[in-house]
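S.K.: with the sequence up front, the predicted model follows.
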Amino acid sequence: MDPLWALRQVALRLERAGEPVYRVRAFRRAADVVGALPRDELERRAEEGTLTDLPGIGRSTAGVVADALAGREPAYLSRFREPPAVGGQGLRAALRGDCHTHSDWSDGGSPIREMAEAARDLGHSWMALTDHSPRLTVANGLSADRLSRQLEVVAELNAELAPFLVLTGIEVDVLADGALDQREDLLARLDVVVASVHSRLRMPAPEMTARLVAAVSNPHVDVLGHCTGRLVTGRGRPESEFDAVEVFAACVEHDTAVEVNSRPERRDPPGRLLRLAVGMGCAFAVDSDAHAPGQLDWISYGCERAEDCGVTPDRVVNALDAAELLAR
């Protein structure tokens, strides 16, 4: 077994399991060290027990390297084995990309290239990069200047990764009055705009309804992100209150997709609202909302929920290839 592959697989599986970022980074640092050394030196050090003398290699990462070199499955891979296949496999097979991902330009844990390469390895042909907007300072949201620079970086990366395509985008904060937290001229340049509420989640239902309707009616907005804002793990967070019929009707009128957010702590929208949106004729984006490469495959969880609630591939915008999506 290739020790470099084993270290990277452990990092991906730790991310998928929601393990702390510092643990993931330890395995990624170790992979960088191992990738720079010839195999015969690794084998010699494993035999002598001196792998931990290398900077960035600790006891756990050395154990993975030693097991891989000896042809044994590392204990970490056994412990964080991929979960069994879930439902929604028909929908999952139809997906061509992901409309909602984050990089280390905002609150993600990995560079854009690593996210793109991981998405490509999952079989996607495109990925929309949607880092946060400036008002979300806790997530290192992108100022107008930083977003402009990111567009240049993405253009250069696309030239290297072709035919895989990184679509430009943003997860833009919906302000209290329904306005969007980024310059209009920049929003007009982006391929995918996901609009999400991150503040004042408990505002009265009439105000929240007007806020969401204004956002999804904006011609720059393509996707309504995690519409209720709920969290279903840990201490949790209740759903925002709004008139879902009015909001989803506005989504249909303005061809704004309703996001099926696949993060395990969100699972948003809840089933009753997802079924309502299906019945009202909404389009959907089944998204990972990944903040690390290993979280990209969380999109399978969203596919399971979406398919169970009656969402079919012909209603899902990220079942389109990039050219079809951009034309839409």
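M.R.: Sure, I can see it.
S.K.: for the rest of this, base every contact and every neighbour count on C-alpha atoms.
M.R.: Fine.
S.K.: for Y76, which non-adjacent residue is closest in space?
M.R.: Among residues not flanking Y76 along the chain, V10 sits closest, at 6.4 Å (CA to CA, 6 or more residues apart in numbering).
S.K.: my read: the one you found touches R25, true?
M.R.: No. The criterion here is CA atoms under 8 Å, and V10 misses it with R25 at 10.6 Å.
S.K.: more crowded one of the two?
M.R.: V10 (26 against 16; other CA atoms under 10 Å).
S.K.: just the buried residues of the helix or strand hosting that one, please?
M.R.: Here V10 sits within helix 3-16, counting by DSSP states H and E. For helix 3-16, burial by neighbour count (16 or more other CA atoms under 10 Å) applies to 3-4, 6-16.
S.K.: in CSV, list those residues along with distance to A283 and pLDDT.
M.R.: Output for these, formatted as CSV (distance: CA to CA, whole Å; pLDDT from 0 to 100):
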residue, distance to A283, pLDDT
P3, 43, 93
L4, 41, 92
A6, 39, 93
L7, 39, 93
R8, 36, 89
Q9, 34, 87
V10, 36, 91
A11, 34, 89
L12, 31, 86
R13, 31, 86
L14, 32, 88
E15, 29, 84
R16, 27, 80
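S.K.: pLDDT wise, what is R328 at?
M.R.: You'll see R328 listed with a pLDDT of 89.
S.K.: how far away is it from L95?
M.R.: 16 Å (CA to CA, to the nearest Å).
S.K.: also L122?
M.R.: Counting by CA to CA, the gap from L122 to L95 is 10 Å.
S.K.: those two: which is more packed in?
M.R.: L95 (23 against 13).
S.K.: list the residues that contact R202.
M.R.: Neighbouring residues of R202 by CA atoms under 8 Å, 6 or more residues apart in numbering: S240, E241.
S.K.: pretty sure it sits in a strand.
M.R.: No. Using DSSP: H, G, I helix; E, B strand; the rest coil, the assignment for R202 is coil, not a strand.
S.K.: could you identify the longest strand within this structure?
M.R.: strand 165-173 (DSSP state E).
S.K.: list the residues that contact the most far-flung residue of the chain relative to its centre.
M.R.: Distance to the chain centre peaks in the chain at E48, reaching 41.4 Å (criterion: CA atoms, centre = their mean). Residues in contact with E48 (CA under 8 Å, 6+ apart): none are found.
S.K.: repeat that with 10 Å
M.R.: Residues in contact with E48 (CA atoms under 10 Å, 6 or more residues apart in numbering) are L42.
S.K.: do you know the pLDDT at it?
M.R.: The model's pLDDT for E48 equals 94.
S.K.: cool, and the one 3 residues further on?
M.R.: Model confidence at L51, given as pLDDT, is 94.
S.K.: if I look at the spatially closest residue to it that is not a sequence neighbour, how far off is S217?
M.R.: Computed as CA to CA, 6+ apart, the closest residue to L51 that is not its neighbour in sequence is R45, at 5.2 Å. R45 is 61 Å from S217, where distance means CA to CA.
S.K.: how about A144?
M.R.: 22 Å.
S.K.: more neighbours: which of these two?
M.R.: More neighbours surround S217 than the other of A144 and S217, with 19 against 16 (other CA under 10 Å).
S.K.: all set now, cheers.
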